[in-house]
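**Q** quick check, what structure comes out for this input:
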Amino acid sequence: MSAPEALLAFILLASLLLQAALPSRRLVVVTTGAALAALASALLGTATAPQLLADVPWDVIVILVSLGLLTQLFVESRVFGVLAVWATRWSQAQPRRVLVLFAVGMYVVSGLVNNLTALLLVLPILLILFKLLGVRQRYVSWTLALVLVACNLGGAATPIGDFPAILLLGRGAMSFEMYLVRALPTTLVALIVLLVLVMMGVRPERQLQQHPISARLTLATMGALYRNVRVEKGKLLPAAGWLGVMLIAWVVVPLESGVTADLVAWLGAAGALVMVGTLGERIIRAHVDVEATFFLLSLFVMVGAVKRSGLFTHVASWLQGLPIPPLAQLCVFLVAAGLLTGLFSAGPSMAALLEVAERLAVQHPPEAVYVGLALSVCAGSSLFLTAATAGPLAQALTERADLRDPDGAVIRFGFLEFLPAGLMSFCVIQCVALAWGTWASL
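**A** Residues are numbered from 1 along each chain as shown. Below is the predicted model:
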């Protein structure tokens, strides 16, 4: 490893570790890391600051910002709150049904919109339901963990669900349709396996005392609390309509036309915001996710600096040179991707690992490498509460809810409470990723 490779790799790894350990200061950490990476690249002669900025995948940032604005329009329509209330009614206040319905619901929603925003609106309703049901620690831990994992799987199921998939779409590594028809079934299989294992093996609801009268009271209370919640169709229809147009365009419009994925997202978000009048202007002014945009910009600068040093090329060459069959090399890469994501979180891991994946995709079928990588990143983001995008949010909301079991003991949801479900989820999703990579390579 040359001096530039070692120094730039150290800056990247140190920044990723610090931002994971200090989430409240992650913007300062990654900004400083990007500045140091640009300075080191300039002094070592591997790249100038303008070159690093030119390497930033701005199309990915455009897609993320556009989808974020469209998600906010869904939020304004109150559709997430109404869906959560419907799920409560359909569950009939039965703990087993609550777990399944909310997990499946968040899987579906996370494939289309920002799962962090959706969870912010759905989780308070679920926490109120917990209070009315008289739940215990074990049930809360497994239910919230499964909801978070379902969010991760839903985000990996479609090319617009989460950052790793959006990165593949924006960089043209896979087309929208090619990714969707491969990732959607595999993530659905992983979700079904997890739900079966939890419902048949873990059975987190078995300690709860269920009474028909209590269930009816719970439903009546929830109905009274949310009786005035209605979907605002004037906001929902433009958002849903333009999202449908975007999905169709991503499938049918060829890349050769020049109408790229980022342009489709840009036009779709603009069309929806224009249709809602002054609300569109307020959404743009107040809800552009500057934090996420700046974080990704800094991350891309650091990754670009390491890429220009040649380290990723050497890592891919080392991996391909291992004295094991090519399929085993792919499996090693996928497992390493899952473990690294557990430490560094999905966004940073995907941005760096994709550089190695591009080299492996020359030797293996691209769908085996890229979809396997997306699933492995999903497995890693489900391993620890800190690796999940919405993990800290779920922890904070649960603490504010001040949940207590029937004996008066405080119910918590932190790192240790999430860990059993996280370990199971990691193993299941990682096995699905390996099975997919093996099958697609044959």
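**Q** show residues contacting stretch 25-38.
**A** Stretch 25-38 is touched from outside by 8, 11-12, 14-15, 18-20, 22, 49, 52, 291, 294-295, 297-299, 301-302, 305-306, with contacts defined as Cβ atoms under 8 Å, 6 or more residues apart in numbering. (Each C-beta comes from the backbone N, C-alpha and C, glycine too.)
**Q** quick one, helices of the stretch 101-250 of the chain?
**A** Counting by DSSP state H, counting those that start in this stretch, the stretch 101-250 of the chain has helices at residues 115-133, 137-157, 163-170, 176-197, 212-225, 233-252.
**Q** mind listing residues that contact the next helix or strand after the last one?
**A** Taking DSSP states H and E as the definition, the helix or strand that follows helix 233-252 towards the C-terminus is helix 261-275. For helix 261-275, contacts defined as Cβ under 8 Å, 6+ apart pick out 58-60, 62-63, 65-67, 69-70, 73, 159-160, 169-170, 172, 176, 238-239, 241-243, 245-246, 249-250, 253, 279-281, 283-284.
**Q** next, the buried residues of helix 261-275.
**A** By neighbour count on 16 or more other Cβ atoms under 10 Å, the buried set for helix 261-275 is 261-273, 275.
**Q** how far off centre is it?
**A** Put simply, helix 261-275 sits 22 Å off its chain's centre (Cα atoms, centre = their mean, to the nearest Å).
**Q** still on that earlier bit, among the contacts of stretch 25-38, which ones are in helices?
**A** Cross-referencing these against helices under DSSP state H gives 8, 11-12, 14-15, 18-20, 49, 52, 291, 294-295, 297-299, 301-302, 305-306.
**Q** so Val276 sits against Pro238, correct?
**A** Yes. Shown here, Val276 and Pro238 form a contact pair, counting by Cβ atoms under 8 Å, at 5.7 Å.
**Q** what touches both of the two?
**A** In contact with both Val276 and Pro238: Leu73, using Cβ under 8 Å, 6+ apart.
**Q** now do the helices in the stretch 251-400 of the chain.
**A** According to DSSP H, counting those that start in this stretch, the helices that the stretch 251-400 of the chain contains are 261-275, 278-287, 290-309, 311-320, 326-344, 346-363, 366-381, 391-401.
**Q** ok, which of the ones you listed comes nearest Leu188?
**A** Smallest distance to Leu188 across the helices of the stretch 251-400 of the chain (Cβ to Cβ): 11.8 Å, for helix 366-381.
**Q** buried by neighbour count, from the contacts of stretch 25-38: which ones?
**A** Using 16+ other Cβ under 10 Å as the burial test, the contacts of stretch 25-38 include 8, 11-12, 15, 18-20, 49, 52, 295, 297-299, 301-302, 305-306 as buried.
**Q** still on that earlier bit, which of the buried residues of helix 261-275 sits closest to Arg359?
**A** Distances from Arg359 to those, taken by Cβ to Cβ, are shortest for Ala261, at 22.9 Å.
**Q** okay, now the unreliable bits of the stretch 151-300 of the chain?
**A** 171, 173, 208-228 (pLDDT under 70).
**Q** look up how far Ser24 lies from the closest residue to Pro159 other than its chain neighbours.
**A** Of all residues not flanking Pro159 in the chain, Leu169 sits nearest, at 4.1 Å (Cβ to Cβ, 6 or more residues apart in numbering). The gap separating Leu169 from Ser24 is 31 Å, by Cβ to Cβ, to the nearest Å.
**Q** between these two, which has more neighbouring residues?
**A** Leu169 (24 against 7; other Cβ atoms under 10 Å).
**Q** surely that one and Gly161 touch.
**A** No. Using Cβ under 8 Å, Leu169 is not in contact with Gly161, being 10.2 Å away.
**Q** before we move on, back to that, run through the residues that contact the residue nearest to Pro159.
**A** Ile63, Pro159, Ile160, Phe176, Tyr179, Trp250, Ala261.
**Q** so Arg136 is in contact with Gly408, correct?
**A** No. Using Cβ under 8 Å, Arg136 makes no contact with Gly408, being 11.7 Å away.
**Q** of these two, who's got more company?
**A** The neighbour comparison of Arg136 against Gly408 (other Cβ under 10 Å) goes to Arg136, with 22 against 6.
**Q** next, the buried residues of stretch 178-187.
**A** Applying 16+ other Cβ under 10 Å to stretch 178-187 flags Met178, Tyr179, Leu180, Arg182, Ala183, Leu184, Thr186, Thr187 as buried.
**Q** picking up where we left off before, how much space between the residue nearest to Pro159 and Arg230?
**A** For Leu169, the distance to Arg230 - Cβ to Cβ - is 34 Å.
**Q** now Leu279
**A** 17 Å.
**Q** one more: Ser376?
**A** Taking Cβ to Cβ, one finds Ser376 at 42 Å from Arg230.
**Q** assess the claim that Ile11 and Met302 are in contact.
**A** Yes. Ile11 is within contact range of Met302, at 6.6 Å (criterion: Cβ under 8 Å).
**Q** so, low pLDDT: which residues of the stretch 301-442 of the chain?
**A** Flagging of the stretch 301-442 of the chain using pLDDT under 70 yields the residue ranges 344-345, 347-348, 389.
**Q** contact partners for the nearest residue to Gly437 once chain neighbours are set aside?
**A** Excluding the flanking residues, the one nearest Gly437 by Cβ to Cβ, 6+ apart is Gly372, at 3.7 Å. Applying Cβ under 8 Å, 6+ apart, we find Gly372 in contact with Leu330, Leu334, Ala433, Leu434, Trp436, Gly437, Ala440.
**Q** out of these, which end up buried?
**A** Leu330, Leu334, Ala433, Leu434, Trp436, Gly437, Ala440.
**Q** next, format the residues you listed as a markdown table and append distance to Ala34.
**A** Formatted as a markdown table, the buried ones among the contacts of Gly372 follow (distance: Cβ to Cβ, whole Å):
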| residue | distance to Ala34 |
| --- | --- |
| Leu330 | 31 |
| Leu334 | 28 |
| Ala433 | 30 |
| Leu434 | 34 |
| Trp436 | 34 |
| Gly437 | 32 |
| Ala440 | 35 |
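**Q** save those residues as a markdown table, and put in secondary structure and distance to Cys151 too.
**A** Output for those, formatted as a markdown table (DSSP: H, G, I helix; E, B strand; the rest coil; distance: Cβ to Cβ, whole Å):
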| residue | secondary structure | distance to Cys151 |
| --- | --- | --- |
| Leu330 | helix | 27 |
| Leu334 | helix | 21 |
| Ala433 | helix | 18 |
| Leu434 | helix | 22 |
| Trp436 | helix | 20 |
| Gly437 | helix | 23 |
| Ala440 | helix | 25 |
